[in-house]
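> Have a look at this prediction, sequence included:
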Amino acid sequence: MVHDVSVIDFGDLLARVATRAAAGSPELPPIVSPEDIAEAESALGFPLHPLLAQLYRRIGNGGFGPEYGILGLSKTGRTSDVGLTAVEEYRQRRVSDATDTRWFWPEGVLPILTWGCSMYACVDCRSEAGTVLLFEPNPIDDGQWAEAWFVDSPSLAEWLDTWISGQGWYEEENIDEEVDMPRWEDAASRA
C-alpha cells in the first residue's frame, strides 16, 4: 500500500515548509524512508495523504510545524522516544472504550499534532485535499463525540501555508480573536 507521492508536485510548498522548519528547528529528525511509509500505511490500514507523505519523506520525521510540531511517523530516526508517533496515536484512539460506548475515532483521520489539553490537529487521509481537522473534546461531557470535530482548514496545503505565513489561530497575536470553525459534518458517518 505504498503511495507514489512523486506523481504530485508540491515542490514550492515543500521548499517553503523546509525553510520555515529549519528556522524553527535547526536539527530536525531525519526523513523517513519509503519502507517507513509503507510500514506506517500497513499499520494504519490506509494510505497517507500524498502531501503528508512528502512532508515525512522530504522535510523530516516530525518536529516541525505549529506549536509542538508535527508528530513523527515512525520511531526510526527520532531524536527521543518521548511521546507517541502519529501511527501510535491513531491506533490508540481507534480502540473502543468500555466506559464510554459512544466513543469513536473516525477511520482514516490521522492525528498529526497535539495542541495540548487532549486537542489534536488531524489530516483526513481519505479526503482528496487532506482536510485538516481539529479534535476539541474538552466541552464534550455527554459522549456526543461527533460534536468534537471541526474543520480547521479545507486542505493540508492551506493549513501549512497558514503556518508558514504566521496567520494561524494559534499564533500569539491571534489567540484572543474569536475563531469560528465549522463542525466537520462527516464525523458521525465515519465512526
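Alright, I've got the coordinates.

> Name the SS class of the nearest residue to residue 90 once chain neighbours are set aside, please.
Spatial nearest neighbour of residue 90, excluding adjacent residues (Cβ to Cβ, 6 or more residues apart in numbering): residue 110 at 5.3 Å. For every residue, glycine as well, the C-beta is placed using N, CA and C. Classification of residue 110 by DSSP: H, G, I helix; E, B strand; the rest coil places it in strand.

> Provide a list of residues in contact with residue 110.
44, 48, 52, 86, 90, 122, 123, 125 (Cβ atoms under 8 Å, 6 or more residues apart in numbering).

> so what's it bridging to?
Legend: beta-bridge partners of residue 110 under DSSP bridges are residue 123.

> Let me know the pLDDT of it.
pLDDT for residue 110: 98.

> Using TSV, please lay out the contacts of residue 110 together with pLDDT and distance to residue 168.
Compiled in TSV, the contacts of residue 110 are given as follows (pLDDT from 0 to 100; distance: Cβ to Cβ, whole Å):
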residue	pLDDT	distance to residue 168
44	97	26
48	98	22
52	97	18
86	97	19
90	97	23
122	98	15
123	98	15
125	98	21
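
> where along this protein do the helices fall?
Using DSSP state H, the helices of the chain run over 11-24, 34-44, 50-58, 86-93, 156-165.

> Buried residues in the second one, which are they?
In other words, helix 34-44. 36, 37, 39, 40, 41, 44 (16 or more other Cβ atoms under 10 Å).

> who does that helix touch, helix- and strand-wise?
Applying 3 or more Cβ pairs under 8 Å, 6 or more residues apart in numbering; DSSP states H and E, we find helix 34-44 packed against helix 50-58, helix 86-93.

> So which of those is the most surrounded?
Most buried of those by mean neighbour count (mean count of other Cβ atoms under 10 Å) is helix 50-58; its value is a mean of 23.

> That one to helix 86-93, inter-axis angle?
Here the directions of helix 50-58 and helix 86-93 differ by 130 degrees (axes from the mean of the first three to the mean of the last three Cα atoms, to 10 degrees).

> got the contact list for residue 103?
So residue 103 contacts 96, 97, 143, 145 (Cβ under 8 Å, 6+ apart).
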